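Visitor: Sequence first, predicted model second:
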Amino acid sequence: MNDTLAKLEETIRMRRAANAPDSYVASLGRNGRAKMAEKLGEEAVEAVIAAVQDDKPAMVGEAADLMFHLLVLLADMDLSMADVLAELERREGLSGITEKSSRGTS
Ligand SMILES: N=c1c2ncn([C@@H]3O[C@H](COP(=O)(O)OP(=O)(O)OP(=O)(O)O)[C@@H](O)[C@H]3O)c2ncn1[C@@H]1O[C@H](COP(=O)(O)O)[C@@H](O)[C@H]1O
């Protein structure tokens, strides 16, 4: 997994465990999963708006917010980006099989 994502996941895990009052991650944890999911939805909408407006700097910022809030939600569900990447790799493997079979090779 990418180092930046791995480091951020570790920071999120530590902040959740420490539950410090000044930690944004901890405050998301205290507000509960429904609120975390709502936050992810808001960030997704902001990313959609940036894309429709073709605003590349805004898109980079919103995509970063989106990924951060996704990692927070995954952590709350005791999941991680490794689980997501494993699923993407599984799909990549499946598409390889489909491509081969459509070319008539086994
Ligand atoms: N990567 C991030 C990150 N990306 C986005 N955000 C926060 O996510 C929020 C984005 O929501 P909005 O754009 O809606 O802004 P907002 O209205 O201020 O947000 P709310 O108060 O409504 O939640 C902002 O408050 C950002 O600061 C982040 N907050 C923290 N991190 C990372 O998490 C680490 C731990 O943070 P703490 O828990 O605060 O120590 C930090 O060192 C950073 O590496």
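Guide: On my side now, so go ahead. Numbers count the residues shown, from 1 in each chain.

Visitor: what's the helix or strand that contains Gly61 in contact with?
Guide: If you go by DSSP states H and E, Gly61 is part of helix 56-76. For helix 56-76, the external contacting residues (Cβ atoms under 8 Å, 6 or more residues apart in numbering) are 5, 8-9, 12-13, 16, 25, 28-29, 33, 36-37, 39-40, 43-44, 46-47, 49-51, 80-81, 83-84. Where you see a C-beta, it was placed from the backbone N, CA and C, and this is true even at glycine.

Visitor: residue nearest the centroid of this structure?
Guide: By Cα atoms, centre = their mean, the chain has its centre lying nearest to Leu70, at 3.4 Å.

Visitor: Retrieve the pLDDT associated with that one.
Guide: With respect to pLDDT, Leu70 scores 98.

Visitor: can you check Glu92 too?
Guide: For Glu92, the pLDDT comes out at 88.

Visitor: List the contacts of it.
Guide: Residues counted as contacts of Glu92 (Cβ under 8 Å, 6+ apart): none.

Visitor: any idea how far it lies from Pro57?
Guide: Noted for Glu92: a distance of 31 Å to Pro57, by Cβ to Cβ, to the nearest Å.

Visitor: go on, Asn19?
Guide: Asn19 is 34 Å from Pro57, where distance means Cβ to Cβ.

Visitor: Would you mind telling me which of the two has more residues around it?
Guide: For Asn19 versus Pro57, neighbours defined as other Cβ atoms under 10 Å are more numerous around Asn19 (12 against 8).

Visitor: which bits of the protein sit near the ligand?
Guide: Taking Cβ under 6 Å from any ligand atom as the contact definition, the chain meets the ligand at Leu8, Thr11, Arg15, Ser23, Tyr24, Val25, Ala26, Lys39, Glu42, Asp65, Phe68.
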